[in-house]
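Engineer: Sequence and predicted structure are below.
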Amino acid sequence: MYRHIGLLSLALGLCVGFPASAQFTLVPEAPRVNETIYVRATPGNGCDTLRTRDFATTMSNNRITVVMRVIVGTVCFEPSPPPQPVHVAIGQLPAGDYQIEVLRQTDTTTTSLGTRSFTVQARKPLDPLANYSDLWWNPEQSGWGLNIVQHPDNAIFATWFEYDEDGRPGWYVVPDGAWSAADQNRNFANHFFNGPVYRTSGPTGGAVDAAQVTRTLVGTAAFQFFEWDRMNATLTINGRTRQLTLQRQAF
């Protein structure tokens with residue numbers, strides 16, 4: 001069962017998207033220097049087709065305009081599918097105040113989804129220049145590695161997986177820490193992150209009982225990022241120190 005949306009229906013606004021009020025958000029809402037900014041918007045409804053490659057982003061001074069091209073739906077199945085939001089990458093911006101407008105454009109009309117202002121926060125002295133979120137390993141020593149997630153505020157959460165002396169898998173986490181050296185020369189050599197290391201254990205399979213999950217402080221970790229894709233890791237676990245050179249895992 002479907003309905004045909006003709007000119008009269010379009011004139012009545014049944015399948016024409018949004019009014020001129022703001023209908024988009026920024027991701028993240030409070031961007032920082034060197035952080036990729038996205039526009040999250042729903043430029044049509046379930047009847048429309050988004051031309052995903054027809055995004056046009058322009059910038060004049062500190063004003064950004066994003067144009068989203070859509071094909072207005074003329075045939076819509078019942079019930080109509082829900083509108084799907086899309087993310088358009090704006091890129092990374094220097095610190096400052098900006099204004100952005102998102103336009104919905106069809107073959108006949110251009111409608112503003114809204115305009116908003118935002119501020120890109122300045123880089124702090126200890127903030128790193130890059131995002132090191134990735135899977136890190138030594139390609140000559142398969143079987144262990146390091147997962148790093150770097151949050152927008154540059155805090156790091158890391159998980160370390162390897163095998164112990166008995167060949168059993170072991171999981172360690174670095175849930176917090178701090179950057180310990182400023183990057184005065186704008187290079188990667190001074191990027192140090194230090195944090196505590198915990199070993200976790202718990203039940204396997206099925207419904208996990210949180211009460212059976214344990215977390216034990218076993219040592220410390222120090223990460224030195226000396227290139228965008230190279231790092232040294234110094235792990236001291238139960239009094240035993242290991243110094244490792246890792247690289248991003250290529251996919």
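Structural biologist: Noted; the coordinates are in hand.

Engineer: where does the protein dip in pLDDT?
Structural biologist: The chain contains residues with pLDDT under 70 at 1-22, 43-53, 72-83, 164-166, 181-190, 205-208.

Engineer: let's go with 50 and repeat that
Structural biologist: Residues of the chain meeting the criterion pLDDT under 50: 1-22, 183.

Engineer: the longest strand in it is where?
Structural biologist: Identified as the longest strand of the chain according to DSSP state E is strand 214-227.

Engineer: Can you spell out which helices and strands pack onto it?
Structural biologist: Packing partners of strand 214-227 (3 or more C-beta pairs under 8 Å, 6 or more residues apart in numbering; DSSP states H and E): strand 156-163, strand 169-174, strand 191-201, strand 230-237. Backbone N, C-alpha and C define where each C-beta goes, glycine included.

Engineer: Tabulate those in TSV, adding columns for mean neighbour count and distance to Gln243.
Structural biologist: Output for the helices and strands packed on strand 214-227, formatted as TSV (neighbours: other C-beta atoms under 10 Å; distance: least, C-beta to C-beta, whole Å):
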stretch	mean neighbour count	distance to Gln243
strand 156-163	18	14
strand 169-174	17	16
strand 191-201	18	14
strand 230-237	18	5
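
Engineer: Would you convert these into a markdown table that also reports distance to Trp144?
Structural biologist: Shown next, in a markdown table, are the helices and strands packed on strand 214-227 (distance: least, C-beta to C-beta, whole Å):
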| stretch | distance to Trp144 |
| --- | --- |
| strand 156-163 | 4 |
| strand 169-174 | 9 |
| strand 191-201 | 14 |
| strand 230-237 | 11 |
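
Engineer: These: which one's closest to Glu29?
Structural biologist: Nearest of the helices and strands packed on strand 214-227 to Glu29, taken as C-beta to C-beta: strand 156-163 at 20.5 Å.

Engineer: Which elements pack onto the closest one?
Structural biologist: Under the contact rule (3+ C-beta pairs under 8 Å, 6+ apart), strand 156-163 is packed against strand 145-150, strand 169-174, strand 191-201, strand 214-227.

Engineer: now do 6 Å
Structural biologist: If you count contacts as 3 or more C-beta pairs under 6 Å, 6 or more residues apart in numbering; DSSP states H and E, strand 156-163 packs onto strand 145-150, strand 169-174.

Engineer: quick revisit: residues contacting the longest strand of the chain, please?
Structural biologist: Applying C-beta atoms under 6 Å, 6 or more residues apart in numbering, the contact partners of strand 214-227 are 132, 174, 188-189, 191-201, 231-238.
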